[in-house]
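# my questions concern the predicted model and sequence given below.
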Amino acid sequence: MDPVARLRAADDFMRRLSAALRAAQLYAPSHPLVQRAFDGLDESITQMLDDQPSIAIGFIGQEVIVGDMPLPRAAESLGEMMRRLKSLGIERIVFDRGVTPDELTTLALTIAHPERRPGQETVGVEPSDPLGVLNSLPHIRVGRIQANEKVEKSAADVATIRRLYADASNAAGSVWEAAKTEGTPDPKAARVLIDSLAQAVSANRTALIALTALKNYDNYTFTHMVNVSILTMSQARALGMEGDMLRELGLAALMHDIGKVRTPTEILNKPDKLTDDEFAIMRMHVVDGAEILRRTPEMPAIAPVIAFEHHLRLDGTGYPLKVTRTGLNLGTMLCSIADVYDAMRSQRAYQQAFPSDRILQVMKRNDGQQFDQHLVRRFTQLLGIYPPGNLVRLDSGALAVVIAVHAPDPHRPRVKVISGPAGDRLDTPYDLSLWEVPEDATGPKGVTASLDPSEHGVDPLTYL
C-alpha cells in the first residue's frame, strides 16, 4: 500500500471506529444502523491488517497516531471519541491480525456503555471493569502508553520522520506524474502529504530539516519539491504562522516548480549548461506552473502566485522577464530563499554542492537587493551556518554531528562529539555547546568544516 493510500486507510478506519461508537451509544446492538457500522469497521480493519501483523492506535494529547503516522486534524472530528477513551484510561489500542467481528463488537459496545457488559459473559471479569473486558479479547489490547515508550519517543520520532520523508518524496512523485499525464496535480494527495509534513514541522522541525540535507539525488526533482516545502514551512513556523495558513503555504511551496512538467525532458535533465534558447524555454515553467495551479481544484490562491513569482527578485532581476513588482508576496520570498538554498547545496551532474556559508553569501550579494535581508538573517538563525544533521570536523580534529543551532551565533552550534582527534569512534558520544566553550579552554572550541557523512560511514540522524 503506498503512503497516501495508507494514510487514507488509517483516516477511514478512525472515522469508522468513531461512527461505530456513536451508533452503539444511540441504538440497540441489534439495530440495522449499528450492524452496518460494525460491518464497516470490520472491513476497514481487515484492510489495515492486510500487509502488517498488527496496528497500534495512540492518543497523545490532541494527536492521534495510527501505526507510526500522525493523522492530521484528527482531533477536530474525533474529539468526542478521544474524550470517552481518555475517561476510561485508554491511551492505546492494538489490533492483531485475526481480530473477529465479535471482538470489534465487544470493543465498541464496551467503550460506548462501560457501565454494562456487552454480549457474552467473560469469566472472571466484573461488569464494572471495562478494561478487563477489553483485555480479555484475544486480538485486541488496550491500556496506557507505557513509560518506556515515552522515554523512547525521541528515537521513535526520528524513525517516524525518516519514514515520513521517504513517503513524502514518493507521494511528490505521484503528484508530479499526475500533473504530467493528466494536466493537473492531484490536490487531495498533495494535501495529505502537506498535512503530515506540517505536523512534523511543528513537532520535530530539527529532525525534518536534517533529513532535507540527506536526500537521494537520483530523485532530485521530487526531493527538491519536498525540501522546499519543509524549509518554507519551517521559516513560516518560526515567524509565527500556524494551522491552515502554514499548510497552504507548504502546499504552494511543494508546487512551486510544477510548471516543469511541461518542460521538455532533454532540457530539464540536460547535464551541461543550457544554451540561451534552452534557458528561454526553461524560464517558461513559472508561467506554466501558475496556469496549471490556477485551474487545479482545491489549490490555495497563493499557489499560482508563488509558482509565477519564485524566480523574481526584489531588485527587479530574475524572471519572468520584464515583470516588475513594487514588492513580493511574503510566501514568495520564503519559498525563493528555500528554493535557492536547496538547489545550491544539491550535488548534481552539472553542479557541485556548496556549503551553507557560501550559499548564504550568495543570498547577500548585490548589497542585499535580491533577497530580503531580514528574512535571510532569520533563515540563517533557523538553520545555522552548520545545519542540524551535518557532520562536521572540529578544530581539535574530532568529528561531531550538529544537533541544534544557536541563533545568536550560527557559527557555534550545539554538537554531539562522536570521535576523537585521531578518528577513533567514541563509545559514549557527548554533547558540547560550542558557544559556551571559553577561548582558553582545552579541547574543541569551534567548527572548521562540513563533511560528507557517507565518506566517514556515519548516519547523522542516529545521533539527533
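Perfect, thanks for sending it.
# low pLDDT regions in the stretch 1-150 of the chain?
1-4, 61, 67-69, 72-76, 116-128, 145-150 (pLDDT under 70).
# change it to 80
The model of the stretch 1-150 of the chain has pLDDT under 80 over residues 1-8, 51-54, 60-63, 65-80, 115-129, 135, 143-150.
# which residues in it form strands?
Secondary structure of the stretch 1-150 of the chain (DSSP state E, counting those that start in this stretch): strands located at 54-60, 63-66, 69-70, 92-96, 140-143.
# wait, which of those strands is closest to L251?
Among the strands of the stretch 1-150 of the chain, the nearest to L251 by C-beta to C-beta is strand 69-70 (17.4 Å). For the C-beta atoms, the positions are set from N, CA and C on the backbone; glycine is no exception.
# domain-wise, how is the chain divided?
The record's domain parsing of the chain by automatic domain parsing lists 3-149, 153-378, 391-463.
# deepest of those domains, which one?
Ranked by mean neighbour count, the domains of the chain are led by domain 153-378 with a mean of 19 (mean count of other C-beta atoms under 10 Å).
# now do whichever strand in the chain runs longest: which elements does it pack against?
For the chain, the longest strand by residue count, based on DSSP state E, is strand 425-433. Packing partners of strand 425-433 (3 or more C-beta pairs under 8 Å, 6 or more residues apart in numbering; DSSP states H and E): strand 414-419.
# give me the contact list for the strand it packs on.
By C-beta atoms under 8 Å, 6 or more residues apart in numbering, the surrounding residues in contact with strand 414-419 are 392, 394, 398-406, 425-426, 429-435, 444, 447, 458, 463.
# rewinding a little: save the domains of the chain as JSON lines, and put in distance to G384 too.
Listed next are those as JSON lines, based on distance: least, C-beta to C-beta, whole Å:
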{"stretch": "domain 3-149", "distance to G384": "27"}
{"stretch": "domain 153-378", "distance to G384": "8"}
{"stretch": "domain 391-463", "distance to G384": "4"}
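# mind putting the strands of the stretch 1-150 of the chain into CSV with distance to T221?
CSV is the format used below for the strands of the stretch 1-150 of the chain (distance: least, C-beta to C-beta, whole Å):
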stretch, distance to T221
strand 54-60, 33
strand 63-66, 30
strand 69-70, 25
strand 92-96, 38
strand 140-143, 43
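# where does the residue most central in space within the chain sit: helix, strand or coil?
For the chain, the residue sitting closest to the mean C-alpha position, by C-alpha atoms, centre = their mean, is L197 at 2.8 Å. The three-state assignment at L197 reads helix, by DSSP: H, G, I helix; E, B strand; the rest coil.
# my guess is it contacts L251. True?
No. L197 is not in contact with L251 according to C-beta atoms under 8 Å; the separation is 9.5 Å.
# who touches both of these two?
Counting by C-beta under 8 Å, 6+ apart, the contacts common to L197 and L251 are S229.
# before we move on, back to that, so how far is the longest strand of the chain off the chain centroid?
Chain-centre distance of strand 425-433: 28 Å, with C-alpha atoms, centre = their mean, to the nearest Å.
# same question, stretch 240-260
Relative to its parent chain, stretch 240-260 has a centroid offset of 13 Å by C-alpha atoms, centre = their mean.
# how about A303: what's its closest non-neighbour residue?
Closest residue in space to A303, ignoring its immediate chain neighbours: A252 at 4.0 Å, by C-beta to C-beta, 6 or more residues apart in numbering.
# give the full set of residues in contact with that neighbour.
P300, I302, A303, V305, I306, A307, G331, C335.
# any idea which element it lies in?
Using DSSP states H and E, A252 sits in helix 243-254.
# quick check: mean pLDDT of that helix?
Throughout helix 243-254, pLDDT has a mean value of 92.
# then stretch 302-322?
Stretch 302-322 carries an average pLDDT of 90.
# span of it from start to end?
One end of stretch 302-322 sits 22 Å from the other (C-alpha to C-alpha, to the nearest Å).
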